[in-house]
Structures are given as structure tokens and as C-alpha cells.
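J.: predicted coordinates and the sequence they were generated for:
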Amino acid sequence: MSSTPSNQRTFAANTGLGLKLTPSNSPYPRAPRSPHKPRGLYESGLSLKRIIGTTVSSPTAFDSLSSSRTFAYTAGAAAVLFTVDDSSKTSQRFFRARPTATALNAAVPNSCTPSTPTNTANDGRNRSVANLRDSAVPFSPSTPHTSLERSDSPTLKTWTSRERIKAATAVSLSPDGTLLAVGETGYSPRVLIFSLQDTSSDTPLAIINEHTFGVRAVAFSPDQKYLASLGTANDGFLYVWSINQRTAAVKLHSSNKCTSFVKQMIWLGSSIVTIGTRHIKIWRVEENRSVSPSKRRFALDGTPQPAVVQPILKTLAGRNVLLGPLVEATFTAIAPISDHKAIVCTERGDVCLLDDSEGQKLVKLANTGFFVTCLAVDVESGRVRIGGRKGRLQSTSMDELLSLSPPELPKPFLETSSGHDLCTMGYAADTLVTVDSNNSIEISSSNSDVTNMGVQKILSAHGDAVLGIGLLSPENRMDAAFFTWSANGTIVFWDLDGSSKGFVKVEVEQLSPGDDDPVNQCQVVRAAKNAAFLVTGDKYGVLRVLKIVDPSTHECELETRAHMSDIQDIALHESGNITLIASCSRDRTVQLFRLLLGEWVLTQTLDDHSASVCSLFFAENGEKLISCSTDRTIHIRQLVKKDVGSQDIIAALPLRIITLKASPVSMAACFADQMSKFVVSLLDRSVAIYEIATGRLVSSFRATDSEGAEAVVLDALVVGRPSCIPGGPTILAGVSTTDKSVRVYDGVTGVFLDREFGHTASVTDVALLESDSEEKILISSGADGTIMIWELAPTKAAETQDFPSSARESSPPKDTPSTRPALRRVLSRAELAEFQRVSPVTTPTGNRSPPRIRRKTSRYGLSSQSPTLALAPPVPHISTKHFTSASDDSSIRRTTGSRHRSRSPPPVKEMRRPSLASLGSRVRTKSIGNFSEFGSLNMATEQACRTLRAYRKKLLSSESVKEDALKELDQELRLTAVALGEKSLKSKVISETVLAVLDQYSDRLVSMFDEKLRLSKVDSSDSVSLIGERPKTAGDSVTSETSP
């Protein structure tokens, strides 16, 4: 049997080797590794444990079983199956499928399928793997790694921007509770059919790819023989699929166009009913009739002709219902009460009866008096519940509703205290489940009255886009594990079971509607130890400190506008009697506050960044403050104390500046190997680790996946503690808005560990909760309003499954000279200048007085510019000792880029060209009168001043200066000071005041170099020879020579 599907829009069946193994819980199966790529002793995998919140907005995103306490709803990219047992214990199961997932059974459309456009993306990087998806060789857990080449694995396919994670918008449970259908929305949406009998949550039984824009609704027939899938209005198709009862394989049965805006779809006996805006239509699903055998025909020569195959696909017949006086109504809810009757409600509160037993009739029964959004009918008890906006709920008996005349409901309706609109409701056995617009789920008794709902359990949700997550200490006043916040200032406290422990509402001030300022929102929230107080920052730059008295009471201790623009980050430090708050903003400043005598006082404003400051934190027990900015710098400051009277004043002094190659995105501190370090993610999709003490780059890696096929920009970095297991990884987690995933890496080696998805909007934040044991909990939040709790468990990798036997037994490749990298040792211009300075051709021997050195250097520079000079001074043998300064990096890069032009090092003539070009460019910008000063002493003096100013800024960096370079620079500065003194006395131009300033400046330079030498750990003997006796000032030396 051929395994190639007959349609490009269907996935091939994943037959593997015919063995059905228990798949992993990850929708990202690990691709076969390269034989030469080592695998760590332990691997950490993410598994979804709980989802807080839903994304249900209509009745099509919810379904329940009347035979058990089980219901399903959508939450981001996953469908959640929620079960309540007899002891009121709850459990969640999650069903997701990656964009490149393959089904166990292929969907087989008929050859006469309507011509819908093909959903295969035409992106260039997708064309190379287009045939892989249609081939029948997908990766299977049972397939050995040697049977699939690394380039042939479908898991290595790079997803295009339109093939990312898509939202689940429709669910349906089969009547017997064995199957779950999930519909997606987005580019190339799918209908996924999962089995509920095993734990396979990420391997669908069938995948249907016939819809093009989105799936509005899915529904199983009462006899479970068919599945109906309805596309959005832009999609315009309604498909009916026949389901194999044994294998759950699907086959297209019939279809037709449906371009109306549909609100809900149900099965009414053997027919399908769709309702929507001025729309009620009944679609007849006919059984397949057996085709009578046709008479065999023969050609003129007597050869038999092939029989003509009659098309099995039928057109789905549909007929609109006459609406009568409700022709302009919008029908929002429908529920069947028998095989031919259903109750239909309009948006304005009309309750109608749809009768399909003898013709199609629509009869108005009553009016609720409020806008209706959902409907639930319990056929066994004969109870009808109608829900609407602002939480209004009406309950009545079915017999009373059908016998009402005139059409009105005499009983008053109930308006819930929450005031949120009811999105959907349904009966699950003896319980009533309602979902409101705040994404909260309420489970109550089905026999309870409207006035007394008898609520059994409430599944709380944040109710808005979650902007961030904060962890709390184990013992806190809120008795919670973490908290989340949203843009409207709502802060909700949660435990790990997903139960809400309380909330705090922070005031978010809004300007008048006429202003052009953006809408204000809460940007950052940080909590102190034991949740004693909260610190918040909003978009207008207002910083607030809230004191938590109890879970329902808080007091505002500080409210001030600390910044002129958005507050990007807030850091807290509590140690003994010192409590500090640091905030950074887009206004390029960092504010430092301190708690003194119960009041918050502004200690210092730091404005040394030149662009927006995006992140900061305290390090080394509050002794250092580190901040990063989009100006591609990281500033490390030392916090020092100064006693003034009876109080001590704290200030932040600049310690060092680290220059980055790209703008930073996120930064986090990590402490490992008794050395304080921090991690920073950059906009070039790399992650770098630096030492705080020295500013040295320890390591860096690109944020790629398991095979390095795709790199992403990591945000919201968190770093865990070093693992207690030998060989265990140090967890480094972050979120990626590129593919809406949560990624985990080894913080020491940078090895990719795992990634998971579930949020349909951008992933806003992530937090890592570690216990004393090796149990690690990862919490992620998304703009879709959901909060997902992941378990990060280390699993020991089996070496026998990682490498083929041939790769394990073969000897390592032989190290031959041809396989080694080519030797390179490029000398910088400073190093070449050193060799030219000590060369006997260019440097005179004998007494080296300052005037002779200056004249010889000038004459040599003029001669090097002469076109008649053909040969450069000979370069002596290169020793192992370098003579480079701290600013040689740029010279090394420029020399490396130009060495392919010739095999020999650049001559001296080429060294002078950049300076001449730069001088020429400066001269062109000036007036013609200054051209006569080209190469004069005044211009050289100005250039020397600019060079010294730039060099002083370089001294603040973390780079080390070589001992020989320091000795030489110290000697040149002293000799230059002596020569300037002689020049001033001879020309009588420089006054004594200028000489005093020059001496003071010389003393300052010498002290700076002495401090630099002291920090370079030079031997005591070298230090004495380096410092020596300082030469006298220029005035003293001349006086001693001229005095009798």
C-alpha cells in the first residue's frame, strides 16, 4: 500500500516501524543528533502541569459531556480537558500539536474535493522541505537514528512566520468521550483529532488541513460517525468527515459553501444547524448509497474497457429557515432538546423554538429582557439556563417555557456580583459550568436555584493580558508562590495549584482624553521579602511603594514621578537596616532610593547612559549596581558609604564600562563557582556571560535550537542555581517572541535543553522557582491572558540511544596537518611601530635627548611619505612577547581585513595613509585660511590633546594594559613635559600660571599610571625600576643648567 497521500494539504501517516510507543509530552520531538555531537549526561525536559486562565470567547470554544463531569475548553494554543471526580478533586490534560506534527492516520479527501487553495507556504526556506512533508518517512520515536539522515528529518524544518503556533478556537467532545476535536485559527489552520483513551496528548490521530483561514466550529454527530468542521466567513466552507470507528481515520464525506457569519453550530439528529447574523440554516447529511454494478463494456476489438468510477463525494444540501419577524435578528445561542427540536436565542433576548419534524418552523416563545450570549439545556431534569451580559442569568423549566402564552418570562433574572459577561455554559453530568469574559470558570450544582447557585469551585484567571511574573519568598503575608500583573494595575497572587490568594489594585493615572500622551499602564512590579511592600512603575514614570497590611488592605507609602518616561525595570535590595530601590527608564537615567527612618529618600540620579536603560540589578550583596542600556554599554557601579554626622550617605561610583557588540535585551545575575557573574542577551540573538569583578567575557553562545537551525532573541532571562547532580545543568531560561516559545539552556555550556509552546500571543515573562531538592518549576505568562506552569525535570540520557554502534566503536578521526586550522599571527600597527622604534636603521644610537628624538621622528615621518621610498624598514624576527596597548583591538581588526591584499606586512608608508586621509577630511571642512597650518606645531598640539582625552576615557574600561606599554608611555609623557618646559622658556609665550597647571596635570597623569601599574601585579623589583626617580619640572631643569 502506498503511503503517499493523495492531497498535498494532508500529512502523511506516521507509521514508523509499526510499533506504537508512548510518545513524549513535548510537541518538539528531538531530532536525530549528529554522530559527532556529544550529548550531556543529563537532559532537562519541560512538561506542562497546569494552565491558569482560558481563551474562551464564544460557545464554540467550549464543550461538555452529559454523562460525566468532564468538559473541554481552549487555552492559548492548547485544548484543556478538565475532569472533576467524585471526591471533588480536579485534573487537567492538555492537547497540543506542533506545526510540523504528523498524524497516526491520514485524512483522505475525495478526488472531487472543491477546489480550495493549497495551504503550503511558498517561502524560499520552506521549498527545500516541501517534499519531506508529503513523504511517508517522518521521524518516529521507534525509528533508529541510523535510518534517517540528519538532512532528511522533518523536524529540522524551519517554520515560516505564517506557520508559527496558532490559537485553538473550537473544541468538540465525542458523545462517548473517546475523541476530542480541536480547530485552529490562522494561516493554514488544522482540525486535530485526539484520542482520550491514552496519555498521548501531542500525537493526533488525524489532521485535517482543508480550511484556509480559520476554523469557526467543530462538532461530532450524536452517533459519532461524522465530524463537521466549519470555517470562518473568509474560509467559506462547511465540511462533513466520516470517521472510522476502529482507527479514527477520517475521510471527506460532503461539503458546501457557507459564507455567513456563524455564531454556533450543532447537530440536530442527523442534520447540522448553523446560526448567526440573520442566519439559521439546516444542512442535511445523507448516508452513502450503494452504487449498483454497471454492465461491463467492451471496445470494437473485443478488449474490455475500464469501468467508470462514480464519484462518492456529495454536495451538502442546506436550506435556510424562514425567520419571519426576526429577519434582522442575530442568533447567538442554540441547544437541542430532541432529535428534531432546539431552543434558539437572539442577541436581544428572544427565546424561540426551532422545529424540524414537519417542515422548518421558528416560533418565538419568550423574551428574557437582557442580551443573551449563551444557553444550556439539561434534558434529563428539564432545566433551561440562559446567560447574558453583565453576568445575568435566567433559569426556567422546559415545560413551563414551551407552554408560555403570551411569550414572556414572569420570573426575574439574576445578575451576578462579578458583573462579567457570560461567554458560554454547559451541563457536565450533575454540574453546571459557566465561563465569563474574565476567563474565570465556575462549577456549580445543576439542581441549585438561580438565587442560590451552590458554587462548588471557581477556577480563577487574571482576566487580562499578563505583563509579568514575580516570585515571592516561601513565607509571605499573602501565602502565595508568585504574583502576576496586568496593564490596568491588577496584581494577583497565586499558589502552584492555580488558586488565587488575593489581589491588589494599583491606581494607574490617566491624563485627559484630549492629550496626545499614550495610555498609561503598569509596567513593572517588584515585591519585597515576605511581601511586606510592593514597588510599581508605570508608563508615565510614576514610582509607587505600597505597604501590604493584609491580603485585602494596602497603603501607599511613596508616590512620586521618578522619571520622565516609561519605567523599564526596578531592582530591590534588602540587607540588614539598608533597603534600596533602583529604577531605570527610557529617559536614560537610573534613580536610587533609600529607606531612612521610615521614609523613602532619593539618594542619587545616575545619568551616564546615552540611551534608554532597559535592565538593572544589585549584585554582590548590594555592593554593586549594574545597568545595561540600548547604547550598547553595561555600567558597573560601586556603592560606597560616607559618614556625615550621625548618618551615612550611600552613593554609586562608576567602576567600569563594558561595551557590547549589539544592544542588550535582558539581563540577569547568576552566582556559580564562587564568582559573581551575570548573563545578558543581545539583539543579535546571542547570550553572553560576564564576570562582575573584572568585566571579562567568560563565554557566549547563540540562542539556537537542538541542531542550530534557528536562532532567536531571548527575553526575560532567569538563571537557576548550580545543579547538585554531578553533570547536571545550570538552568538558563528565557522566552522568545519569534516563535512564542519558552526555551531552556545550560547556563554554563550554552547547550540547548528544551523548548515548549502554548501561548498564542507574545510570551511576556518567565520565572524559575527552585526548591531545596532538584525540583524546578518554570512559570510563563502571555499576552493572551494565560499563565502556564511547567515542570522542569532532569532525565538521564541513555547513551545507547544517542549514538549508532558504528559511531561508538569507531576511533576518533586522526589529527593531520591538513585538518588543522591555518596559523595566523597578525601584528597590529602598535607592534610594528615597536619594531621600527628599536631598529638601528630608523633609531639613532647614543644619547637620546628629547629634542633629538622629536627631530628624528619628524624627519622619518616626512621621509616615509616620499614616493621615492621603495623599501620599508626591515622587520626583525617576531618574538613571543607582544607590545600592544589597551586600544589595539581596532588596529588588529583593520589590519586583519587588509592582509589579503599582499603577503608581506604593510610598510611604513601604508601606516601613514590613514592619518593623512583623516587630516585631509578635516581640512576640507575648515576654511581656506587654516590650510597653511597643515602639519604645524599648533595642529599637532591640538591633535595630542584630543588623543589624551580619548585615552583617559579608555582607562575607565576593563581592559588590562601591558607592563612594557605602560613603561614606555610613562617615559614619553615625562620627556614631553620636559620638552614643553624648555619650549615655553625659550619662546616666552607660556606664562607661569600655565606652567603650574601643566605640572599639576603631569602629576595627575603620573598618579593615574602609577595606580594602573599597581593593579597590574608587577613584581616589586620591576615596580621600583619602572617608577624610579621622577624627573624635575621643566623650569627647574633649565634653571639648574643656566645657573652659574
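T.: On my side now, so go ahead.

J.: from here on, just use CA atoms for contacts and neighbour counts.
T.: Will do.

J.: which stretches of the stretch 151-300 of the chain aren't confidently modelled?
T.: Applying pLDDT under 70 to the stretch 151-300 of the chain flags the ranges 151-163, 198-201, 288-296.

J.: so where do the strands sit in it?
T.: For the stretch 151-300 of the chain, applying DSSP state E, counting those that start in this stretch gives strands covering 167-173, 179-185, 191-195, 206-208, 215-220, 226-231, 237-243, 250-257, 262-268, 271-276, 279-284.

J.: Serialize those to a markdown table and add fields for distance to residue 637 and mean neighbour count.
T.: What follows is the strands of the stretch 151-300 of the chain, written out as a markdown table (distance: least, Cα to Cα, whole Å; neighbours: other Cα atoms under 10 Å):
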| stretch | distance to residue 637 | mean neighbour count |
| --- | --- | --- |
| strand 167-173 | 45 | 28 |
| strand 179-185 | 49 | 26 |
| strand 191-195 | 55 | 24 |
| strand 206-208 | 57 | 28 |
| strand 215-220 | 55 | 27 |
| strand 226-231 | 58 | 26 |
| strand 237-243 | 63 | 21 |
| strand 250-257 | 65 | 22 |
| strand 262-268 | 59 | 23 |
| strand 271-276 | 63 | 21 |
| strand 279-284 | 68 | 20 |
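
J.: how about the ones you listed in TSV, adding distance to residue 735?
T.: TSV is the format used below for those (distance: least, Cα to Cα, whole Å):
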stretch	distance to residue 735
strand 167-173	18
strand 179-185	23
strand 191-195	26
strand 206-208	28
strand 215-220	28
strand 226-231	32
strand 237-243	37
strand 250-257	37
strand 262-268	35
strand 271-276	39
strand 279-284	44
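
J.: distance of the nearest residue to residue 348 once chain neighbours are set aside from residue 61?
T.: With Cα to Cα, 6 or more residues apart in numbering as the measure, residue 371 is the residue that lies nearest to residue 348, at 4.8 Å, once sequence neighbours are left out. Separation of residue 371 from residue 61 (Cα to Cα, to the nearest Å): 20 Å.

J.: just want to know which of those two has more residues nearby.
T.: Taking other Cα atoms under 10 Å, residue 371 and residue 61 do not tie; residue 61 has more neighbours (27 against 21).

J.: now residue 761, what's its secondary structure?
T.: Secondary structure state of residue 761, per DSSP: H, G, I helix; E, B strand; the rest coil, is coil.

J.: check which helices and strands the helix or strand containing residue 977 sits against.
T.: For residue 977, the host element (DSSP states H and E) is helix 963-987. On a contact count with 3 or more Cα pairs under 8 Å, 6 or more residues apart in numbering; DSSP states H and E, helix 963-987 meets helix 850-864, helix 992-1015, helix 1034-1042.

J.: show me what counts as buried in stretch 1007-1017.
T.: 1009-1010, 1012-1013 (16 or more other Cα atoms under 10 Å).

J.: nearest to residue 582, out of the residues you listed: which one, please.
T.: Using Cα to Cα, residue 1012 is the member of these that lies nearest residue 582, at 31.1 Å.

J.: give me the nearest residue to that closest one, chain neighbours excluded.
T.: Counting by Cα to Cα, 6+ apart, residue 961 is the residue found nearest to residue 1012 once chain neighbours are left out, at 7.9 Å.

J.: how close does that neighbour get to residue 690?
T.: 19 Å.

J.: kindly report the same for residue 507.
T.: 39 Å.

J.: excluding chain neighbours, what is closest to residue 67?
T.: Per Cα to Cα, 6+ apart, closest to residue 67 is residue 429, 5.2 Å.

J.: so residue 712 sits against residue 738, correct?
T.: Yes: counting by Cα atoms under 8 Å, residue 738 is a contact partner of residue 712 at 6.4 Å.

J.: residues near residue 197, how many?
T.: Using other Cα under 10 Å, residue 197 has 9 neighbouring residues.

J.: who touches it in this structure?
T.: By Cα atoms under 8 Å, 6 or more residues apart in numbering, residue 197 lies in contact with residue 178.
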